[in-house]
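*Asks:* next one to model:
(2 chains)
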Amino acid sequence: MYRIALKMLVGDRGKYLGIIMGLTFASLLITQQSSIFTGLMTRTYGAITDISQPDIWVMDPKVQFIDDIKPLQDTQLFRVRGVEGVEWAVPLYKGLLKARLEDGNFQLCVVIGLDDTTLIGGPPRMIQGSLSDLRQQDAIIVNDVGANTLLAKRPQKKGDKPIPLQIGDTLEINDRRAVVVGLCKVSRTFQSQPVIYTTYTRATTFAPRERKLLSFVLVKAKEGEDLKSLCERIRQKTGLAAYTAQEFKDLTYDYYMKNTGIPINFGIAVALGFIIGTAIAGQTFYNFTLENLRYFGTLKAMGATNGVLLRMILLQALMVGALGYGLGVGGASLFGYLFRETELSFRLTRELLFVSAGAIMIIVILSALISIRRVIRLEPAIVFKA
Amino acid sequence: MRNNEIAVSCKGVTKSFFTGSTEVLALRGVDLDVRMGELLMLVGPSGCGKTTLISVIAGILNHDEGECLVFGQNIKAMQETEKTYYRGLNIGFVFQAYNLIPTLSVLENVAIPLLILGKSRAQAHSRAKELLVRVGLEDKLNVFPAELSGGQQQRVAIARALVHSPKLIVCDEPTSALDGDTGRLVMEVLRETALSEDRALIIVTHDNRIFNFADRIARMDDGRIVLVEAQVAHP
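*Replies:* Numbering: from 1, shown residues only, chains lettered A, B, ... in the order given. I've put the predicted structure just below:
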């Protein structure tokens, strides 16, 4: 009987493709929008991801997310170093500073100042030059996307492509000369501003005069040290906030979730995908069942029980669901792959695949339930109507 | 071929429907016996209750009052699942609109009743082939219903109704969509292949061109059997 169910389904090509299209569209939209949302949210803590060496981030207790800088006094670094269980602690400057370009324009950049001695917190991947080149005078390292776009030099002829910033080029940050000594790759940031790495001391000279300039203290725990306990100890001893890298990511993520319109905007797109998908697939599947009602009635008259018919419809629904889901997820993956080198934030995780599968399953079951209800209530006497 | 064993016995069977708030009496106390080996035709004007009566006899509609025994069993008293199984085992159907599933081949359509009864696909197809040979469609096994003429489709429906060797076959207007010659051919096939001592046939029709194929004709009017007449000669 299951073979018959499948033949009934695929035999009507138009309806069959219609149902699959509806489910593919729903699956594509749900997966694609969720992946963009996840990608965007991942960008919010891109800087934390890139700085992978420390176990713990120490900061002002009022800091709400990675870009919410509330500077500390430099002396706080020594207090943190004094806490039992700390292997090492280094300073990190992070700020938004204006860089003056060759053509006189200004561009806001994320400037990251690394510990002068160890250069801990440097970019995850160097493309040109090396991290140690930061020890040269006025040295800075720029991320490749920034160098190729917002910091690129104006072309000599109008209409030509901008000339990417290269090693040896100079910028001016707060009236100070900055020389590009390397290009690096970093995780895309939420605001998509260029990222400039330099030493902590040089960064404080780039930054406008302030009494406090230390953004974060990066801490490595001694081997075997429980990170949660160490965070608690740092809090108690210094009065500062201390988070593990994951906790700091969560803090940042939660801030954007609660205080921006991103979740609701993407939530609406995902919900629309779900509703439209349900409507299209449900309607087409229901129509398919309605058109086959006479045949379901015939099967019922000939001795097929409601249970058999129910399983036949469920099988049909699961088949179109699986196909629609596969095509939709495939389409979303292809979309992500094609746009991988662009500004588009796209992150398709295993969890999202499960979420999308769950959503499609719900759509399919809802669609099937409407049809099943109709078939179960069907009077087999319908078969005698011409 | 007729014997005296009673296949169907209806006594005082009533059935009413509601159209909005109006009660329509479709059967007003029907008394009817159908014997084994007999081809009984139910005839009468449209709306007289013929289809309702065969729906009751075939166990796809419950009557309100009276008694309807099919092979001595009161189908109305059965649980729904039991009734469905009973129907699948004992009753074959031939419909006016054939009701062949368009996306299945002729062979697959005919095999359905056996698949419903849990037979293997191979068993069902083998038996379906036998029946299709008997109705003269051995060269149409793998074609789809839409590729067949009306008469051929009805012969497929007859093969489907017989494939599981039911004891009762009910046919609703089997020739009304066919021309005279094809209708007669279908009736010949029905008489030859379906009628036997251990089986009864009830045919609902108002196609008077086929009345002479009946052993008896029960005339209905306004929800009642008004006359039962025996036929002597068959073509």
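*Asks:* in terms of secondary structure, what does the helix or strand harbouring residue B:170 contact?
*Replies:* For residue B:170, the host element (DSSP states H and E) is strand B:168-172. Secondary-structure packing of strand B:168-172 (3 or more CB pairs under 8 Å, 6 or more residues apart in numbering or on different chains; DSSP states H and E): helix B:50-57, strand B:91-94, helix B:150-162, strand B:200-204. The C-beta positions use only the backbone N, C-alpha and C, and glycine is treated the same way.
*Asks:* show the backbone phi and psi for residue B:81.
*Replies:* phi -70, psi -40 (degrees, to the nearest 10).
*Asks:* so what's it up against?
*Replies:* The contact partners of residue B:81, taken as CB atoms under 8 Å, 6 or more residues apart in numbering or on different chains, are residue A:305.
*Asks:* mind doing that once more with 10 Å?
*Replies:* Counting by CB atoms under 10 Å, 6 or more residues apart in numbering or on different chains, residue B:81 touches A:305-307.
*Asks:* report the entries of these that also contact chain B.
*Replies:* The subset of these lying close to chain B, counting by CB under 10 Å from any CB of the partner chain, consists of A:305-307.
*Asks:* now the buried members of those.
*Replies:* Applying 16 or more other CB atoms under 10 Å in any protein chain shown to the ones next to chain B among the contacts of residue B:81, the neighbour count classes A:305-306 as buried.
*Asks:* on that earlier part again, buried ones in the helix or strand following the strand holding residue B:170, by neighbour count?
*Replies:* Next helix or strand after strand B:168-172 toward the C-terminus (DSSP H and E): helix B:180-189. Neighbour counts over helix B:180-189 (16+ other CB under 10 Å) mark B:182-187, B:189 as buried.
*Asks:* now stretch A:237-245
*Replies:* Buried positions in stretch A:237-245, judged by neighbour count with 16+ other CB under 10 Å: A:238, A:240-245.
*Asks:* now swap in stretch B:88-97 and tell me
*Replies:* Neighbour count says stretch B:88-97 has B:88, B:90-97 buried, by 16+ other CB under 10 Å.
*Asks:* give me the number of residues near residue 217?
*Replies:* As the question left the chain open, I've gone with chain A. Neighbourhood size, residue A:217 [other CB atoms under 10 Å in any protein chain shown]: 27.
*Asks:* to clarify, I was referring to chain B.
*Replies:* 21.
*Asks:* how close does it sit to chain A?
*Replies:* Per CB to the nearest CB, to the nearest Å, residue B:217 is found 20 Å from chain A.
*Asks:* quick check: closest non-adjacent residue to residue B:8.
*Replies:* Leaving aside its chain neighbours, residue B:8 sits nearest to residue B:34 (4.0 Å; criterion: CB to CB, 6 or more residues apart in numbering or on different chains).
*Asks:* quick one: list the elements packing against the helix or strand hosting that neighbour.
*Replies:* Per DSSP H and E, residue B:34 falls inside strand B:22-35. In terms of contacts (3 or more CB pairs under 10 Å, 6 or more residues apart in numbering or on different chains; DSSP states H and E), strand B:22-35 is packed against strand B:6-19, strand B:39-43, helix B:50-57, strand B:65-70, strand B:200-204, strand B:216-221, strand B:224-230.
*Asks:* quick one: mean pLDDT over the third one.
*Replies:* Helix B:50-57 shows a mean pLDDT of 88.
*Asks:* and the helices in chain A?
*Replies:* Here chain A has its helices, by DSSP state H, at A:2-11, A:13-44, A:46-50, A:75-81, A:144-148, A:200-206, A:227-238, A:245-259, A:262-291, A:293-301, A:306-338, A:350-376.
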